[in-house]
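[1] the sequence isn't on hand, but the structure is:
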């Protein structure tokens, strides 16, 4: 483990410490915190909705209980029962009895009048007027469902039921109760019916804490009322609560137990999971934003501190690498007092000492370097001397004059070019020539080759005007043209083409020769490239090898050389040297 850490870069170590000790713990902590908060928010929201449904249940029962209390008054009021039981001889007597007592009781004793829409007492007494909250208990009334529900109730308990209009649609919710408390003394059948205001029911079930649909369910499981607009609860067709879909919803069902008149009735709420998750998302956003803030601020602080350490260490490392290239430059910048600042100070002190020692040794080495330079110059002259021609000028001049006498002018011209070529090659007191002079050597050589090959050789030469006066080592380009003629074009059975181009920029002179000859294989190409890396003397080798080695001695690493060749496709040679103006 220690070995792995020792081989890890400082920046990566800092990143490792950051991710393992800060980033990952914060992510894990926020994830756990988010999970706990989300569960608490969800449970709290479910609890609030459950309490809201429970509140609706209690308020609904309170309204029904108030109506039950009102029905109990009329159920046990002896005088009201006596008036309803009496057979009146004429209408005036009933009106008098109604005004004396019933009107005051019916109009004033309404403790829950805010919740009531109508109250009606039906009596099987035809001597009473059918008005003023008093009605006749006819056969039509007895055929109603709510009447049968009340008639079948044991011991005259109140009955809460839904009443419908003649067309079968919802009319109201009502409390029905038989007034038979004095049945042993009174024979006429009496029935109290109290209708609730539907608008109060709507207001009661529209609880803002329940972001869902509320349902009033009868003992048979049918929906008697709902805030769900997709269910036609007012129609004659009853919808079963159990048939409602339950995917991604939460149900809150509160059933009335131990209450005779509401036994089996239920208050239910259906809330979408999305409504509960909505608040969870809000808490999630808060946690995410707070977590981002808690992560970004420490991260910025850590980056600033680590950058202060890492950049200065990298600067020291770069300066130390420059020492390998004999660049003894101290580190610039303000001197700091921390450990890295002290390290920088000691490094600068060491560099200055090394630089001083080198300066002392340098004077002693100057003479040795001068001797080495003279040895290199002698080696260069030896290489250049290998280019001396094999024929004497006198012999060439004799042959040329003989050719003129015999009127062989082409032969005389070629011999003249050869003499001019050899005369230039013998003048070694000038090791630099202009491109124009080097081009004359090349043209003389090409004249000789054209005479030799006749129409088999074609040449194209393009020279940039600014390149003519640039200086080059003598015969640095000619060996490449010779190589293209002898080894590239000569083996061809048909004609060949040599293209020569010389370009010049501000810093570099580029010579390119291209032929469409037989080309070279990879082994030969690699062999020529190796001449660039060779340090030994050339011995008796001449030609391209000589040219490459001479330019390397003169320019060192400043030359560029490339050779592209494939068998049967020709060869392209490029030699670039520093631009030396005459």
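    Received the coordinates, thanks. Note that the structure is a prediction, hence the values are computed from the model and not measured. Numbering: from 1, shown residues only.
[2] what about residue 498, which SS state?
    Secondary structure, DSSP: H, G, I helix; E, B strand; the rest coil: residue 498 is strand.
[3] try the one 3 residues further on
    On the three-state scheme (three-state DSSP), residue 501 is labelled strand.
[4] quick check: bridge partners of it?
    residue 462, residue 512 (DSSP bridges).
[5] quick one: it and residue 509 touch, right?
    No - with contact defined as CB atoms under 8 Å, residue 501 does not count as touching residue 509 (11.6 Å). Glycine gets a C-beta too; all of them are placed from N, C-alpha and C.
[6] name the element the residue nearest to the spatial centre of the chain belongs to?
    What sits nearest the mean C-alpha location of the chain, by CA atoms, centre = their mean, is residue 292, with 16.7 Å. Using DSSP states H and E, the element containing residue 292 is helix 273-324.
[7] that helix packs against which elements?
    Counting contacts by 3 or more CB pairs under 8 Å, 6 or more residues apart in numbering; DSSP states H and E, helix 273-324 packs against helix 10-18, helix 24-76, strand 249-255, helix 339-385.
[8] moving C-terminal of the second one, what's the next helix or strand?
    Helices and strands here follow DSSP H and E; after helix 24-76, the next one along the chain is helix 78-85.
[9] tell me the average confidence for that following helix?
    Helix 78-85 carries an average pLDDT of 92.
[10] likewise stretch 127-144?
    Averaged over stretch 127-144, pLDDT sits at 88.
[11] and the residue lying closest to residue 492 once chain neighbours are set aside, which of the three is it?
    Spatial nearest neighbour of residue 492, chain neighbours left out: residue 517 (6.1 Å); criterion: CB to CB, 6 or more residues apart in numbering. Residue 517 falls in the coil class when you classify it by three-state DSSP.
[12] phi and psi next, for residue 517.
    Residue 517 adopts backbone torsions of phi -80, psi -150, taken as degrees, to the nearest 10.
[13] my guess is it contacts residue 496, does it?
    Yes - judged on CB under 8 Å, residue 517 makes contact with residue 496 at a distance of 5.6 Å.
[14] which neighbours do these two share?
    Listed contacts common to residue 517 and residue 496 are 488, 489; contacts here mean CB atoms under 8 Å, 6 or more residues apart in numbering.
[15] in contact with the residue lying farthest from the centre of the chain, which residues?
    Relative to the C-alpha centroid of the chain, counting by CA atoms, centre = their mean, residue 89 is the outermost residue, at 95.5 Å. With contact set as CB under 8 Å, 6+ apart, residue 89 has these partners: residue 127.
[16] pLDDT score for it?
    You'll see residue 89 listed with a pLDDT of 88.
[17] now residue 26
    What the model reports as pLDDT for residue 26 is 77.
[18] for the residue lying closest to residue 554 once chain neighbours are set aside, give me phi and psi.
    The shortest distance from residue 554 to any non-neighbouring residue, by CB to CB, 6+ apart, is to residue 473 (5.8 Å). Dihedral pair for residue 473: phi -60, psi 140, per degrees, to the nearest 10.
[19] pairing partners for residue 473 in the sheet, please.
    Note on residue 473: beta-bridge partners residue 432, judged by DSSP bridges.
[20] doesn't residue 551 make contact with it?
    Yes - the criterion here is CB under 8 Å, and residue 473 meets it with residue 551 at 6.1 Å.
[21] for residue 564, give me its contacts.
    Per CB under 8 Å, 6+ apart, neighbours of residue 564: 571, 572.
[22] buried stuff in the helix or strand hosting it?
    When elements are assigned from DSSP H and E, residue 564 belongs to strand 560-566. For strand 560-566, burial by neighbour count (16 or more other CB atoms under 10 Å) applies to 561, 563, 565.
[23] and what of stretch 484-491?
    Using 16+ other CB under 10 Å as the test for burial, stretch 484-491 gives 484, 485, 487, 488, 489, 490.
[24] export these to a markdown table and tack on secondary structure?
    Output for the buried residues of stretch 484-491, formatted as a markdown table (three-state DSSP):
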| residue | secondary structure |
| --- | --- |
| 484 | helix |
| 485 | helix |
| 487 | helix |
| 488 | helix |
| 489 | helix |
| 490 | coil |
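[25] show me which of those is closest to residue 526.
    Nearest to residue 526 among the buried residues of stretch 484-491, counting by CB to CB, is residue 487 at 16.2 Å.
[26] just confirm that closest one contacts residue 524, I think it does.
    No - checked against CB under 8 Å, the pair residue 487 and residue 524 is beyond contact range at 9.3 Å.
[27] and the nearest residue to residue 98 once chain neighbours are set aside, how many neighbours?
    In space, and not counting its chain neighbours, residue 98 is closest to residue 132: 6.3 Å by CB to CB, 6+ apart. Neighbour count for residue 132, taken as other CB atoms under 10 Å: 16.
[28] isn't residue 132 right up against residue 104?
    No - counting by CB under 8 Å, residue 132 sits too far from residue 104 to count as a contact (11.5 Å).
[29] returning to that earlier point: overlap in contacts, residue 473 and residue 551.
    Counting by CB under 8 Å, 6+ apart, the common neighbours of residue 473 and residue 551 are residue 577.
[30] CSV for the helices and strands packed on helix 273-324, including distance to residue 210 and mean neighbour count?
    Formatted as CSV, the helices and strands packed on helix 273-324 follow (distance: least, CB to CB, whole Å; neighbours: other CB atoms under 10 Å):
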stretch, distance to residue 210, mean neighbour count
helix 10-18, 48, 14
helix 24-76, 5, 16
strand 249-255, 8, 17
helix 339-385, 65, 12
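[31] need those in a markdown table (columns: distance to residue 212).
    Formatted as a markdown table, the helices and strands packed on helix 273-324 follow (distance: least, CB to CB, whole Å):
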| stretch | distance to residue 212 |
| --- | --- |
| helix 10-18 | 47 |
| helix 24-76 | 8 |
| strand 249-255 | 8 |
| helix 339-385 | 64 |
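[32] if I look at the residue farthest from the centre of the chain, how far off is residue 565?
    Going from residue 89 to residue 565 by CB to CB, to the nearest Å gives 144 Å.
[33] ditto for residue 78
    Applying CB to CB to residue 78 and residue 565 gives a distance of 133 Å.
[34] returning to that earlier point: chain center to the helix holding residue 292: distance?
    When C-alpha coordinates are averaged (CA atoms, centre = their mean, to the nearest Å), helix 273-324 and its chain have centres 17 Å apart.
[35] then stretch 189-204?
    Distance, stretch centre to chain centre, for stretch 189-204: 62 Å (CA atoms, centre = their mean).
[36] same thing with stretch 256-263?
    The chain centroid and the centroid of stretch 256-263 are separated by 60 Å, computed with CA atoms, centre = their mean.
[37] same check, this time on stretch 309-326
    The answer for stretch 309-326 is 36 Å, by CA atoms, centre = their mean.
[38] mind listing what's buried in it?
    Buried positions in stretch 309-326, judged by neighbour count with 16+ other CB under 10 Å: 310, 312, 313, 315, 316, 319.
[39] save these as JSON lines, and put in distance to residue 48 and pLDDT too.
    Formatted as JSON lines, the buried residues of stretch 309-326 follow (distance: CB to CB, whole Å; pLDDT from 0 to 100):
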{"residue": "310", "distance to residue 48": "53", "pLDDT": "75"}
{"residue": "312", "distance to residue 48": "58", "pLDDT": "76"}
{"residue": "313", "distance to residue 48": "58", "pLDDT": "79"}
{"residue": "315", "distance to residue 48": "62", "pLDDT": "77"}
{"residue": "316", "distance to residue 48": "64", "pLDDT": "78"}
{"residue": "319", "distance to residue 48": "68", "pLDDT": "77"}
